[in-house]
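A.B. asks: Here is a sequence together with a model predicted from it:
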Amino acid sequence: MSSDEFDYGKDERLRSREVTEGAEKAPHRAMFRAMGFDDDDLSSPMIGVPNPAADITPCNVHLDDVAESALEGADEAGGMPIEFGTITISDAISMGTEGMKASLISRELIADSVELVTFGERIDGLVTVAGCDKNLPGMMMAAIRTDLPSVFLYGGSIMPGQHEGRDVTIVSVFEGVGTYGTGEMDAEELDDLERSACPGAGSCGGMFTANTMASISEALGLAPLGSASPPAEDEERYEVARRAGELAVEVVEEDRRPSDILTRKSFENAIALQTAIGGSTNGVLHLLALAREAGVDLEIEDFDEISQRTPKIADLAPGGDRVMNDLHEIGGVPIVI
């Protein structure tokens, strides 16, 4: 073969050419071929799919399946999807213990690890997968910091459980502990509540940190509209994931980057949405971090100013009675926007 025959025709803008093009990259290609990649893959944009799947929390226990749909979507759209792992901490399980000190640190480690892999392997674009609370801002920080064409993909929330004919969530169990402590609930009822509150995979169903940040990802423009609300175990969640993979190839080809999207106005939109849905106050912490990564001037006082003019219009737990699935059934985050 001539030297030109070692050129796989990849778009010259793509930095993955550094590990796939030319005779001198034959050893690099040999490594890819060992993993089943072929000539078509080597001519395609390399799409990284960082995945914090783990058996440590229901928020993340299903993320291998979600990521698989994203990988399939990227592959079918003409990309070369490459999955890699990162960490997670379960806030709900570590809560009330010294282990909770690890929670916010995990956000930084997630962002750092994704940045490190995408830099080291010369990846062209990302589908950032997230489940538990700090996964979401960590993945968004990584996309902003690397400024690679990216799509944010949430793993979805858990369905409510059923207890004595009513919907219950993990908050119901926390409340049950208090009720048991006052003697107003017996041990048998608390045990039944514990066993029924969390029926499967997904992030906590109320508008806690995970669902708040998933909603915010739509307002910022890092995730497609309507992608935050489909439940974790619903077929629509996997359709969202497949579309995220397809979209990642599209944004790489069009060279659309977070820096093209994130402005002061997009952060103001996110704060307004956070207020309207009664979102977690952790959103303040994370939006400030995202703005810093994006080089957008945002101060904690901005949250007060915007919230003063923005009504709370969604009746979502913990401040209200409904859960993310209820919002999904009427049209999801776009309805609020």
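C.D. replies: That came in fine, so what should we check first?

A.B. asks: Hmm, Ala291 and Met141 touching each other?
C.D. replies: No - counting by Cβ atoms under 8 Å, Met141 does not reach Ala291; the two are 10.4 Å apart. (Each C-beta comes from the backbone N, C-alpha and C, glycine too.)

A.B. asks: Between these two, which is the more surrounded one?
C.D. replies: The neighbour comparison of Met141 against Ala291 (other Cβ atoms under 10 Å) goes to Met141, with 24 against 21.

A.B. asks: how close does the more buried one get to Ile110?
C.D. replies: 8 Å (Cβ to Cβ, to the nearest Å).

A.B. asks: what's the answer for Ser172, then?
C.D. replies: 29 Å.

A.B. asks: Between those two, which is the more surrounded one?
C.D. replies: Per other Cβ under 10 Å, whichever of Ser172 and Ile110 has more neighbours is Ile110, with 27 against 20.

A.B. asks: In terms of helices and strands, where is that one?
C.D. replies: helix 102-121 (DSSP states H and E).

A.B. asks: Just give me how far whichever helix or strand comes after that helix sits from the chain centre.
C.D. replies: As assigned by DSSP H and E, the chain's next helix or strand after helix 102-121 is strand 125-130. From the chain centre to the centre of strand 125-130 is a distance of 7 Å (Cα atoms, centre = their mean, to the nearest Å).

A.B. asks: swap in stretch 175-191?
C.D. replies: Worked out by Cα atoms, centre = their mean, stretch 175-191 lies 34 Å from the chain centre.

A.B. asks: Next, the distance between the ends of it.
C.D. replies: Using Cα to Cα, to the nearest Å, the end-to-end distance of stretch 175-191 comes to 13 Å.

A.B. asks: Quick check: next helix or strand after the helix or strand harbouring Pro27?
C.D. replies: Pro27 belongs to helix 26-34 when assigned by DSSP H and E. With elements assigned by DSSP H and E, the helix or strand that comes after helix 26-34 is helix 39-42.

A.B. asks: could you give me the average pLDDT of that next one?
C.D. replies: The average pLDDT within helix 39-42 is 96.

A.B. asks: tell me what the next helix or strand after it is packed against?
C.D. replies: Per DSSP H and E, the first helix or strand lying C-terminal to helix 39-42 is strand 46-51. Applying 3 or more Cβ pairs under 8 Å, 6 or more residues apart in numbering; DSSP states H and E, one finds that strand 46-51 contacts helix 63-76, strand 80-85, helix 102-121, strand 125-130, helix 235-254.
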